[in-house]
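In: Requesting a structural model of the entry that follows:
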Amino acid sequence: MQNPRDFGFSLKTPDGDTQHRLVCGDCGWIHYVNPKVVVGAVVAHEGKILLCRRAIEPRRGFWTIPAGYLEERETAEAGAKREAREEACAEIALDSLLAVYSIPRISQVQLIWCARLAVPEIAAGPESLEVRLFGWDEIPWQELAFPSVHWALGQYRSIEGRTGFPAFGNPAGETGNY
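Out: Prediction:
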């Protein structure tokens, strides 16, 4: 990737701003760099949870919930459903927002829903080595890909079967700077 400074951009604080930004020296256009939004779901079916073994880096070979980056011009809900289709060939129905996690170290905000299989069929998509429905005592806790997967599963378990709960955030003491 080429350095934006090679194209006349410089790092400075624009008038009325509080952050350093890349600013075009010719026209004053400001390049904003903002966090990425990740969308996903804890998907339940008949008392089991859908997990996908990652076929891509980071954390290839580890288990995760179906989740990934929100695309431009896509609603968060549509993105969560798309990720389930891409990773697990699963059609899901979203129930309620489970959590909003802030992961500042990697500039992510994660929106995770409670969901269920709309059609009881799953298969590994191109980003998954395998997919499987796990009972709680079968979840490979030591092989989960990311701390936020642990958080989401634990928080899901704490509200399982309930409706009308407020969305969770990072667990107490978890800054997301892991």
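In: drop to CA atoms for contacts and neighbour counts, all remaining ones
Out: Noted.
In: Only C-alpha atoms, please: export the longest strand seen in the chain in CSV.
Out: Secondary structure of the chain per DSSP state E: the longest strand is strand 92-103. Listed next in CSV are the C-alpha coordinates belonging to strand 92-103 (Å, rounded to 0.1, in the frame of the first residue of the first chain):
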residue,chain,number,x,y,z
ILE,A,92,-31.3,-17.6,10.5
ALA,A,93,-34.0,-15.6,12.2
LEU,A,94,-32.8,-12.8,14.5
ASP,A,95,-34.5,-12.5,17.8
SER,A,96,-32.9,-9.6,19.7
LEU,A,97,-29.7,-7.8,20.1
LEU,A,98,-27.5,-9.7,22.6
ALA,A,99,-24.5,-7.4,22.9
VAL,A,100,-22.5,-4.5,21.6
TYR,A,101,-18.7,-5.0,22.2
SER,A,102,-16.0,-2.4,21.9
ILE,A,103,-12.6,-3.7,20.9
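In: and the spatially most central residue of the chain, helix, strand or coil?
Out: Nearest residue to the geometric centre of the chain (C-alpha atoms, centre = their mean): residue 38, 3.2 Å. Under DSSP: H, G, I helix; E, B strand; the rest coil, the three-state class of residue 38 is strand.
In: from now on call the first residue 17
Out: Shifting the count to begin at 17 puts that one at residue 54.
In: which residues does it bridge with?
Out: residue 85, residue 126 (DSSP bridges).
In: ok, now which ones touch it?
Out: When contacts are counted by C-alpha atoms under 8 Å, 6 or more residues apart in numbering, residue 54 touches 83-86, 124-127.
In: quick one on the thing from earlier: what comes up buried for the longest strand of the chain?
Out: Neighbour-count burial for strand 108-119, counted by 16 or more other C-alpha atoms under 10 Å, picks out 108-110, 112-119.
In: Could you do stretch 183-191 as well?
Out: Buried residues in stretch 183-191 (16+ other C-alpha under 10 Å): 184-186.
In: Just the closest of the contacts of residue 54 to residue 29, please.
Out: residue 124 (23.0 Å; C-alpha to C-alpha).
In: how close does residue 144 get to residue 70?
Out: 5 Å (C-alpha to C-alpha, to the nearest Å).
In: related to what we said a few turns ago, list only those of the contacts of residue 54 flagged as buried.
Out: Buried subset of the contacts of residue 54 (neighbour count, 16+ other C-alpha under 10 Å): 83-86, 124-127.
In: would you list the residues you listed in CSV and tack on pLDDT and distance to residue 148?
Out: Shown next, in CSV, are these (pLDDT from 0 to 100; distance: C-alpha to C-alpha, whole Å):
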residue, pLDDT, distance to residue 148
83, 98, 15
84, 98, 18
85, 98, 22
86, 98, 24
124, 97, 26
125, 98, 26
126, 98, 23
127, 98, 22
